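Q: Return atomic coordinates for the entry below.
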Amino acid sequence: MQSSLTRAGTRSIGIAALAVITTATTTTTQFRIPFGKWDRESDKPIISPQGNGFESAGTFNPTVVKYDGKFVMLYRAQDLHGKSSLGYASSDDGVHFVRRSDPVLVGEAPYETGGGVEDPRLVKIGNSFYLTYTAYNNQGGQGAHANGMIHGDAQLCLATSNDLIHWKRQGVILPAYKGKWNVGWTKSGAIVPEKIKGKYWMYYLADGANQLTQMAMAYSTDLMHWTDALDHPVLSSRPKMFDSQVVEPGPAPVLTEKGIFLIYNGADDNNVYRTGWVLFDKNDPTKVLARAEQPIFEPVHDWEKIGQVPNVVFVEGLVRDGNRWLFYYGGADKYVGVASATVR
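A: From the prediction side, this is the model:
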């Protein structure tokens, strides 16, 4: 999502058990989505802004993992000055969370000046947790809005931890303006949790010269040093569809028998954010096998439609809990919600 800038009764959204998609190779792929229809676990937000401190203006865009028998959530917290940090909350049931009084990561590095740290995504590999996040420097830089106003730089960064509380910065892993095809910001890194053909792979958000906010792909041998895998987007926006303006990775992908399954966030021409999915080849993570033709989740409640940015559900957290999946999302860039679906 666009950092701190303005973005250019429970209802369930059902999905078909079998998706039939025509792929780029003009073949027809039948793919059974690994979960059933989504149901909101709560009509109200499970995390909301509070107090006058670091989370007074917004609490949104969460990532969640299971650790030591608990659900642990890191979420973007925003203060009244618009600066973001990462809050921490834990839960026994995945729905009712207790928050720490202080954030676990705050904007301290030069590339985080002013705007702070945003939109976390977590994956555990070996004994370590890898956290991708967006560093937002709004105190200058090369970035310019369409109206000529300078808005600084957003860049994709990495931090590591063994306990989800104490984090070691690894720095900017994909600098803005320096990609093979992306000419702007870099954000939203979703790392595939296992090596494929000797490499780690990551889907992320980048800006093309003719179309902003497209999905990109990078690879690494050590999780620290990343290189663009392609000279073009791995997944592009589609005119007149729910993802016509934005195609942004969601939580870390899930490896299935059929391929690499990735939840992503799409925005249409009216800047309404909905949820889609895509299946990549597990032997070639750059190859699309199937893709949603219709969104599987969309804003319904007032708190998903009215907030800092209207009409947004933005999924960044995904946890399997027994025979269900839990999906954690930001609502209107102000709240955290959760939905669930049966494992198939």
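Q: Just the element for residue 54, please.
A: Per DSSP states H and E: residue 54 is located in neither a helix nor a strand.
Q: From residue 294, how far out is it?
A: Per C-beta to C-beta, to the nearest Å, residue 54 is found 38 Å from residue 294. Any C-beta I mention is one placed from the backbone N, CA and C, and that applies to glycine too.
Q: cool, and residue 48?
A: Distance from residue 48 to residue 294, by C-beta to C-beta: 30 Å.
Q: Need the contact partners of the helix or strand containing residue 189.
A: Using DSSP H and E, the element containing residue 189 is strand 186-191. Contact with strand 186-191 is made by 3, 119, 121, 123, 125, 130, 132, 134, 154-156, 158, 173-176, 179, 200-206, 216, 223, 248-253, 262, as judged by C-beta atoms under 8 Å, 6 or more residues apart in numbering.
Q: mind saving the C-alpha coords of that strand as PDB?
A: Output of strand 186-191 as PDB, limited to C-alpha atoms (Å, rounded to 0.1, in the frame of the first residue of the first chain):
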ATOM      1  CA  THR A 186      10.200  -1.100  -3.500                       C
ATOM      2  CA  LYS A 187       7.900  -2.600  -0.900                       C
ATOM      3  CA  SER A 188       6.000  -5.700   0.400                       C
ATOM      4  CA  GLY A 189       8.400  -8.600   0.300                       C
ATOM      5  CA  ALA A 190       6.700 -12.100   0.500                       C
ATOM      6  CA  ILE A 191       9.400 -14.700   0.800                       C
END
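Q: what inclination does whichever helix or strand comes after that strand have with respect to strand 186-191?
A: Per DSSP H and E, the first helix or strand lying C-terminal to strand 186-191 is strand 200-206. Using axes from the mean of the first three to the mean of the last three C-alpha atoms, to 10 degrees, the direction of strand 200-206 lies 150 degrees away from that of strand 186-191.
Q: which residues are contacting whatever helix or strand comes next after strand 200-206?
A: The helix or strand immediately downstream of strand 200-206 is strand 214-220, counting by DSSP H and E. Here strand 214-220 makes contact (C-beta under 8 Å, 6+ apart) with 174, 179, 181-182, 186, 199-208, 226-230, 233-237, 247-249, 264, 285-286.
Q: Only whichever of the residues you listed are buried, select them in PyMOL.
A: PyMOL command restricting those to the buried ones, with burial defined by 16 or more other C-beta atoms under 10 Å:
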select buried, resi 174+179+182+186+200+201+202+203+204+205+206+207+208+226+228+229+233+234+235+237+247+248+249+264+285
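Q: hang on, residue 303 in a strand?
A: No: assessed by DSSP: H, G, I helix; E, B strand; the rest coil, residue 303 does not belong to a strand; its assignment is helix.
Q: Under the pLDDT cut-off, which ranges of the stretch 151-300 of the chain? List them.
A: Flagging of the stretch 151-300 of the chain using pLDDT under 70 yields the residue ranges 151.
Q: Show me where it has its strands.
A: For the stretch 151-300 of the chain, the strands defined by DSSP state E, counting those that start in this stretch cover 153-161, 168-174, 186-191, 200-206, 214-220, 227-228, 246-249, 254-255, 260-267, 273-281, 284-291.
Q: tell me the mean pLDDT for the helix or strand containing residue 64?
A: Taking DSSP H and E as the definition, residue 64 sits inside strand 58-67. For strand 58-67, mean pLDDT is 98.
Q: Partner strands of that strand, with direction?
A: Paired strands of strand 58-67, with direction, are strand 70-78 (antiparallel) (DSSP bridges).
Q: Enumerate every residue touching the residue most central in space within the chain.
A: Taking C-alpha atoms, centre = their mean, the centroid of the chain lies closest to residue 250, which sits 3.4 Å from it. By C-beta under 8 Å, 6+ apart, the residues touching residue 250 are 190, 262-265, 275, 314-316, 318.
Q: Among the residues you listed, which pair sits farthest apart?
A: Pairwise distances across those peak at 14.6 Å for 262 and 314 (criterion: C-beta to C-beta).
Q: Comparing the two, which shows the higher neighbour count?
A: residue 314 (30 against 24; other C-beta atoms under 10 Å).
Q: partners of the closest residue to residue 233 other than its chain neighbours in the sheet?
A: Using C-beta to C-beta, 6 or more residues apart in numbering and skipping residues adjacent in sequence, the residue nearest residue 233 is residue 214, 3.9 Å away. Bridge pairing for residue 214 (DSSP bridges) gives the partners residue 206.
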